[in-house]
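Colleague: predicted coordinates and the sequence they were generated for:
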Amino acid sequence: MSSAYTIGHYVRTTLPRIGLEFILPSNPNISVFHSLFKSCSETKDSRWAFIIFRRLLESNVKPSDLTFSLLIKAYVADASSSTVVDSPNAKIEANQIQTHLRKSGFNQYVYLTTAFLDFYGKLGCIYYAQHLFEEMPRRDVVSWNALICGYSRNGYDYDALEVFVQMLREGFSPCQRTLVGLVPSCGRPDIIFQGKAIHGFGIKSGLDLDCRVKNALTSMYAKCADLQAAEVLFEEICEKTEVSWNTMIGAYGQNGLFDEAMLVFKQMQKERMEVNYVTIICLLSANAHLDSTHCYVIKTGFATDASVITSLVCSYAGCGNIESAGLLYNLMPQKNLVSLTAMISGYAEKGNMGLVVECFTQMLQLKMKPDAVAMVSILHGFTDPTFIGSGLGIHAYGLKTGLCADCLVVNGLISMYSKFGDIETVFSLFSEMGEKQLISWNSVISGCVQVGRTSDAMELFCQMRMYGHSPDAITIASLLAGCSEVGFLQFGERLHNYVLRNNLDMEDFLETALVDMYIKCGRLESAERVFKSIKEPCLATWNTMISGYGLSGHEHKALSCYSEMQEQGLKPDRITFLGVLSACIHGGLVWEGKRYFRSMREDFGMIPGLQHNACMVDLLSRAGFLEEAVIFVKNMEVEPDSAVWGALLSSCCIHQELKLGECLAKRLLLLDYNSGGLYVLMSNLYASKGRWDDVARVRKMMKDTGGDGSSGISLIEVSSLEKMNNSMCLSDLSLNTNYWQLSSPH
DNA sequence: CTAGGGTTAG
């Protein structure tokens, strides 16, 4: 025994560098191989396990059941790290070992088949596990546990529950481990009811007294946002382990209670609990102060832990500090899919698609297998039609690899094609989807609104209700945006009512969408009412209200709204200034406009963009200061674009400045600005001077270039009434029919 | 048993 141990120890330290032949005696016996397998387990390195097994067969040594047990243990010990799980070899090797197991007849040992079953579950090969289980002539509680755990950890939550019921029916008595494997499957709002039943079962059987069962239950309730239940369970645990504490930190973090998470962490240290790497990961996901946590990681020596570094990369990338994320990522000796995906999503958020594509290439070079989440992160970056080529490429990659079968990926594709304006592809992707989740409906509805097909969005909304989905804040916000676009006030009001009656979470974007809808539909008072009801409007909502006042011709209200916003301690952004400046244009407030334009740079350090400059040109020229406007354009730091020249030109129309107008029109044509608007303006300009020949000439030019202006569309609300009523009677929006009759058409 | 990457809105 002692010599075997020595060999094992020797192997552990030197195996990777010297060949196996060097260590093996000429006539090795079985115990030598056993101790080699043991050392693989100890070092959590299964890379040599298969080679050793081959040598064993070559040496004509007959394996025993213990051989297989130790061999599979070597794999399972390594399976906790992701390397063996990601390795395609592990699956093939396990298959081969299993064949030998059958040949030698040792598969009659329940414990050996169960060990394989468990390993297949850990590798994610759940169908192999299932198959093995079905083939087993005899099973024990451990076999059932392994199958339940396999289903559970691979996301087959219903199957896990079903197997549990079957297990009870066949008269097996669950143990603590059964529940520990099963309970994580119930951490979903749709099956928390079953989770509570299991909890009850645990109480009745006394199995819930086990700390690990209680940990799992705590986490289950936290995942369903039932923090009270989680707290009660946590308190109930007599001997809390570090896992219990981590679970509670995670519970608060997942539900946005960051201060509470921090308190639990402090309490944990007070109780002299040992902080482990999962604690750090939980803290990071609970929005702990990034710099301090990073320091803490370095001081406590967790900086060598790959999972911790991965989490740090994710946190830095998530808060927009992609530089720090990149520095850390580059220092990682062993890159992994999660950290690289975090990098991709950071670059995508910043719109740096060059680097996104580079990361994707790196992913393939490093032989990582992109999964659905990685795909979605990449797709997310393709924000406009300039990326159609790369977007199609990624779509093709998804088709080839089978990743497009994942509805996550299809959702990503739907929103990408919406941004490309390719609504036909959106529809075909959507119709080919099997089970359509709420998020898929939302994606396609928002896609319709984005490309200006509001009536299709409404129709889809009806269908969505027919399929039994309840709209959420995002559905409503998308539809409200559609209402704003076509001025569909009554539908917008119904949506508002739906929000109020169903206590939908009044998130920032929903409030903003409501205010915007009322403004665009010409209901300033309603917009004001909604705005005043908001406790703490966010910057976007303030911006909407400011520009709304401007749009409605209340420039002074817009400006006082702007001051009020600053009194609330909010800092304006570029969009705020667009609202403020356009309000000045509407009111002809030249002096004020100039002041705000200056303030943008002097008080807030923002460099005015093209749009801000166009506003100034518009402001000056409309008010008749054409000469000053021209000087302003000449002094601009950025190259003027069509909007700037267009603003000048339209003022020439108002002030009948023919010569300047002609000069500007030429410039615009040189900019390749070939829009009907330009010809219409010029035609009007000539008409104002009575130069009818020129009018005819411009009109002909317009026809020749095919730019006959965009035809106007008039929308009357009543025309959509029927469609809307259809939608309403399917939803509980229509339950209140009185409202519908009482509200007079506006 | 606890844990890290993602989607719809803006």
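Modeller: Done, it's in. Numbers count the residues shown, from 1 in each chain, chains lettered A, B, ... in the order given.
Colleague: report the distance from stretch A:465-479 to the chain centre.
Modeller: 19 Å (CA atoms, centre = their mean, to the nearest Å).
Colleague: C-alpha coordinates for it, PDB please?
Modeller: Extracted C-alpha coordinates of stretch A:465-479, given in PDB (Å, rounded to 0.1, in the frame of the first residue of the first chain):
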ATOM      1  CA  ARG A 465     -53.600  37.600 -25.900                       C
ATOM      2  CA  MET A 466     -55.300  34.700 -27.700                       C
ATOM      3  CA  TYR A 467     -52.300  32.500 -26.900                       C
ATOM      4  CA  GLY A 468     -52.800  33.400 -23.200                       C
ATOM      5  CA  HIS A 469     -49.900  35.700 -22.600                       C
ATOM      6  CA  SER A 470     -50.300  38.700 -20.300                       C
ATOM      7  CA  PRO A 471     -48.600  41.800 -21.600                       C
ATOM      8  CA  ASP A 472     -45.900  43.200 -19.400                       C
ATOM      9  CA  ALA A 473     -44.300  46.700 -19.100                       C
ATOM     10  CA  ILE A 474     -42.200  46.100 -22.200                       C
ATOM     11  CA  THR A 475     -45.200  45.000 -24.300                       C
ATOM     12  CA  ILE A 476     -47.100  48.100 -23.300                       C
ATOM     13  CA  ALA A 477     -44.100  50.500 -23.700                       C
ATOM     14  CA  SER A 478     -43.500  49.200 -27.300                       C
ATOM     15  CA  LEU A 479     -47.200  49.600 -28.200                       C
END
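Colleague: average pLDDT for it?
Modeller: Across stretch A:465-479, the average pLDDT comes to 91.
Colleague: what about it, near DNA strand B?
Modeller: Yes: residues of stretch A:465-479 contacting DNA strand B under CB under 7 Å from any atom of the strand: A:472, A:474, A:477-478. Quick note: C-beta positions are derived from backbone N, CA and C, even for glycine.
Colleague: for stretch A:194-210, same thing?
Modeller: No: residues of stretch A:194-210 contacting DNA strand B under CB under 7 Å from any atom of the strand: none, with a closest distance of 8.6 Å.
Colleague: break chain A down into its domains, please.
Modeller: For chain A, automatic domain parsing gives the domain ranges A:1-138, A:609-708.
Colleague: immediately after whichever strand or helix holds A:Cys359, which helix or strand?
Modeller: Per DSSP states H and E: A:Cys359 is located in helix A:353-365. Sequence order places helix A:372-381 as the next helix or strand after helix A:353-365, per DSSP H and E.
Colleague: enumerate the residues of the stretch 251-400 of chain A near DNA strand B.
Modeller: So the stretch 251-400 of chain A meets DNA strand B at A:254, A:276, A:278, A:281-282, A:284-285, A:306-307, A:310-311, A:314, A:318, A:336-339, A:341-342, A:345, A:371-374, A:376-377, A:380 (CB under 7 Å from any atom of the strand).
Colleague: let's see which of those residues end up in helices.
Modeller: A:254, A:278, A:281-282, A:284-285, A:306-307, A:310-311, A:314, A:318, A:337-339, A:341-342, A:345, A:372-374, A:376-377, A:380 (DSSP state H).
Colleague: average pLDDT for stretch A:292-300?
Modeller: Mean predicted lDDT for stretch A:292-300 stands at 94.
Colleague: can you list contacts of it?
Modeller: The contact list for stretch A:292-300 (CB atoms under 8 Å, 6 or more residues apart in numbering) reads A:275, A:280, A:283-284, A:303, A:308, A:312, A:315.
Colleague: the same query, at a cut-off of 6 Å, please.
Modeller: Residues from elsewhere that reach stretch A:292-300, judged by CB atoms under 6 Å, 6 or more residues apart in numbering: A:283, A:303, A:308.
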